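Q: sequence below, structure please.
(one chain, ligands or ions: 1)
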Amino acid sequence: MSVEICGLSEDNVDDALAVCTPEKMRDIPSYNEGLKVRREWLLQLYRTVGPCCKITYTENVPVGMIQYTPLHHIPYFPTKRKDILYVHCIYVKKDLREKGIGSKLLQAVIDEMKKPNPLFKTEPCRVIVTTARERVGFKQPSYFVLKSFSRTADNIDVGLAYWLFETKPKQGLDIPVSGPIQVVEQGVRIFSSPACQYRTFWSEKIRKFVDEVKPNTKVDEVNLWTQPEEPLRRRVTSPVTYVNGMPIPLLDPDKFWETIRTKLLA
Ligand SMILES: CC(C)(COP(=O)(O)OP(=O)(O)OC[C@H]1O[C@@H](n2cnc3c(N)ncnc32)[C@H](O)[C@@H]1OP(=O)(O)O)[C@@H](O)C(=O)NCCC(=O)NCCS
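A: Next up, the predicted model:
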């Protein structure tokens, strides 16, 4: 099997989206809307920050991708450091897993970050971090542990780290640990990320559910990238839904919907 890894460019952005699109989602309008949002986000990032995604091809078909950004370019992570790369996600198509494609993608990023590269112009990259938080449809943290990422005492959303040049960190990260915090408010607020093409699909599901349980409840959506003020205030560092001021993570689907219902009807 021939495997080729390419950086994202204006020409192959749709391949990055195709890797994560299962056949059954293709005709769902809210999913297609999410595709447009992620496409725009990837292109904008490419034009302003640099190539923040790698795609694997086998026989010219895109089958895997890894997506990342220097942490200091992510507006909802308040950091002064300029030497950290954040990996948003890694994904390999189901029928091609366990063939080393994920390992090759990750190794390609590690190798690139060890050298001078366009994402780190002022300081070299010293550490790669990713979230230690599992969510529905997001099962990658244990994979990064398998690949020698260590759990740290930092915020869970940067809670797995791989140091490029040292075995022990000299200092922790400067991201506040606690969060997301509870606030006083009525209604539903969905904090979502353009980095995931399922975002609009999930938001629509939540809106529909809320409308069935308690019609006329106010539901807003906050984009973590373009509206970071409220995420920073609440210490929201990954997608989350607030219902009447309480953050409800999406860990277990049954519990998620049940908690939303209970909170709405309280
Ligand atoms: C994690 C993932 C990228 C691995 O890709 P891959 O090409 O199959 O990985 P490799 O072939 O390099 O590695 C296979 C090894 O990883 C292990 N592995 C795969 N997925 C794992 C996981 N989620 N947790 C722990 N170990 C995992 C396999 O058991 C195998 O172990 P072995 O080498 O000891 O036999 C792939 O399984 C995937 O895409 N999973 C979904 C990830 C996800 O939820 N992403 C976010 C959604 S946007």
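Q: quick one: the helix or strand of the chain with the lowest mean pLDDT near the ligand?
A: Ranked by mean pLDDT, DSSP states H and E, the weakest helix or strand in the chain is strand 150-151, scoring a mean of 92. No - for strand 150-151 and the ligand, the contact criterion (Cβ under 6 Å from any ligand atom) is not met; the two come no nearer than 13.8 Å. Yep, even glycine has a C-beta here, placed from its N, CA and C like the rest.
Q: give me the helices and strands touching that strand, please.
A: strand 160-163 (3 or more Cβ pairs under 8 Å, 6 or more residues apart in numbering; DSSP states H and E).
Q: close to the ligand, is the strand it packs on?
A: No - contact of strand 160-163 with the ligand is not found when judged by Cβ under 6 Å from any ligand atom; the minimum separation is 11.8 Å.
Q: roughly how far apart are the residue of the stretch 101-250 of the chain at minimum distance from the ligand and residue 19?
A: Nearest residue of the stretch 101-250 of the chain to the ligand (Cβ to the nearest ligand atom) works out as residue 102 at 2.6 Å. For residue 102, the distance to residue 19 (Cβ to Cβ, to the nearest Å) stands at 12 Å.
Q: overlap in contacts of these two?
A: Counting by Cβ atoms under 8 Å, 6 or more residues apart in numbering, the residues touching both residue 102 and residue 19 are 64, 92.
Q: near the ligand, which residues of this structure? Just list them.
A: Contacts of the chain with the ligand, taken as Cβ under 6 Å from any ligand atom, map to 20, 89-92, 97-103, 137-140, 142-143, 146.
Q: okay, and which of those map to helices?
A: 101-103, 142-143, 146 (DSSP state H).
Q: most widely separated two among those residues?
A: Across these, the two members that end up farthest from each other (Cβ to Cβ) are 101 and 142, 17.1 Å apart.
Q: ok, these two, which is more surrounded?
A: More crowded of residue 101 and residue 142, by other Cβ atoms under 10 Å: residue 101, with 22 against 12.
Q: that one against residue 4, yeah?
A: No - counting by Cβ atoms under 8 Å, residue 101 stays clear of residue 4, with 10.9 Å between them.
Q: common neighbours of these two, please.
A: In contact with both residue 101 and residue 4: 56, 58, using Cβ under 8 Å, 6+ apart.
Q: list the buried residues in stretch 167-180.
A: Using 16 or more other Cβ atoms under 10 Å as the test for burial, stretch 167-180 gives 173, 175, 179-180.
Q: no, scratch that, I was asking about stretch 19-38
A: Buried residues in stretch 19-38, counted by 16+ other Cβ under 10 Å: 19-21, 25, 30-31, 34-35, 37-38.
Q: coming back round to it: dump the ones in helices among the residues of the chain next to the ligand to TSV, plus distance to residue 241 and pLDDT.
A: What follows is those, written out as TSV (distance: Cβ to Cβ, whole Å; pLDDT from 0 to 100):
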residue	distance to residue 241	pLDDT
101	32	97
102	29	98
103	34	98
142	24	96
143	25	97
146	30	97
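Q: in the chain, where is pLDDT below threshold?
A: 168-170 (pLDDT under 70).
Q: in it, which spans are helices?
A: Per DSSP H, the chain carries helices over the ranges 13-19, 29-48, 101-114, 141-146, 199-213, 229-234, 253-265.
Q: which parts of the third one are buried?
A: Of the residues in helix 101-114, those buried by neighbour count under the rule 16+ other Cβ under 10 Å are 101-102, 104-106, 108-110, 112-113.
Q: residues touching it, excluding its own?
A: With Cβ under 8 Å, 6+ apart, helix 101-114 has contacts from 3, 5, 54, 56, 58, 63-66, 68, 85, 87, 90, 92, 119-120, 125, 128, 143, 147, 162, 164-165.
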